[in-house]
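J.: make a model of this:
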Amino acid sequence: MLMDMIATIAAGAACASVVIVLRHLTRGRFPKWALPASIGLGMLLFSIWNEYTWYARTTAALPAQVVILSAPTDKVLYRPWSYLFPVATRFAAFDRPGMKISEANPAIRRGDVLLVQRWVPTRRVSLAFDCAGNRRADLVEGAEVAPDGTLTGGQWTDVGADDELQRAACQEG
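T.: Residues are numbered from 1 along each chain as shown. Here you go, the predicted model:
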């Protein structure tokens, strides 16, 4: 968030520089009000660009094998334009490169879902997958899955083969 603020101030300063040069080149004929107006407009436009391109820039920086599961868009009252142009400020992704496949039973896998939100540290949620049984378990509060598929401290949940997260974890290659 600090970097966003610094970049916004820099955008305002860049716009101010352009107006100062224009005022100098026109020998003061360029209107005085253009300086504060350009600073405000530059900062506003940068903030809007930064907000609306955050999702695309963040997901583009991820490895190609990371699967985006969901990216809900926000519509909020204090930003009325977001009802026309909703903005994504968070998403969930499955970390396929970090997934571990059991050598004893290749149908048993362990992987992390990344919960990414703007201005919030990324959270990882560990999950176990049983690709043969189409079920999944949250590995929280000490839950562990053995290489043979035995789950201790947790509970398997039937999710079906059409579940997007299950497909991402069980997809070969």
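J.: against C170, how distant is A104?
T.: Distance, A104 to C170, using Cβ to Cβ, to the nearest Å: 17 Å. All C-beta spots, glycine's among them, are computed from the backbone N, C-alpha and C.
J.: try V159
T.: For V159 relative to C170 (Cβ to Cβ), the value is 10 Å.
J.: can you name the next helix or strand after the worst-scoring helix or strand of the chain on mean pLDDT?
T.: Within the chain, no helix or strand scores below strand 151-152, which has a mean of 84 by mean pLDDT, DSSP states H and E. Scanning forward in sequence from strand 151-152 by DSSP states H and E, the next helix or strand is strand 157-158.
J.: following the chain onward from the longest helix belonging to the chain, which element is next?
T.: Using DSSP state H, we find that the single longest helix of the chain is helix 34-60. Next helix or strand after helix 34-60 toward the C-terminus (DSSP H and E): strand 67-70.
J.: of A104 and C170, who's got more company?
T.: C170 (18 against 9; other Cβ atoms under 10 Å).
J.: what is the end-to-end distance of stretch 126-136?
T.: Terminal residues of stretch 126-136 lie 11 Å apart, using Cα to Cα, to the nearest Å.
J.: pLDDT of that stretch, averaged?
T.: In this model, stretch 126-136 has a mean pLDDT of 90.
J.: list the contacts of that stretch.
T.: Applying Cβ atoms under 8 Å, 6 or more residues apart in numbering, the contact partners of stretch 126-136 are 106-113, 137-140, 143, 145, 149, 151, 154, 156-161, 163, 165-166, 169-170.
J.: same check, this time on stretch 53-65
T.: By Cβ under 8 Å, 6+ apart, stretch 53-65 touches I68, A71, V87, A88, T89, F91, A93, R96, P97, V116, R118.
J.: would TSV of those residues with secondary structure, pLDDT and distance to C15 be doable?
T.: Listed next are those as TSV, based on DSSP: H, G, I helix; E, B strand; the rest coil; pLDDT from 0 to 100; distance: Cβ to Cβ, whole Å:
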residue	secondary structure	pLDDT	distance to C15
I68	strand	94	34
A71	coil	93	31
V87	strand	92	23
A88	strand	94	27
T89	coil	92	26
F91	strand	96	31
A93	strand	95	35
R96	coil	90	42
P97	coil	90	41
V116	strand	96	31
R118	coil	91	24
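J.: pipe those into a markdown table and attach distance to A60 per row.
T.: Listed next are these as a markdown table, based on distance: Cβ to Cβ, whole Å:
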| residue | distance to A60 |
| --- | --- |
| I68 | 11 |
| A71 | 13 |
| V87 | 16 |
| A88 | 13 |
| T89 | 16 |
| F91 | 12 |
| A93 | 12 |
| R96 | 17 |
| P97 | 16 |
| V116 | 13 |
| R118 | 15 |
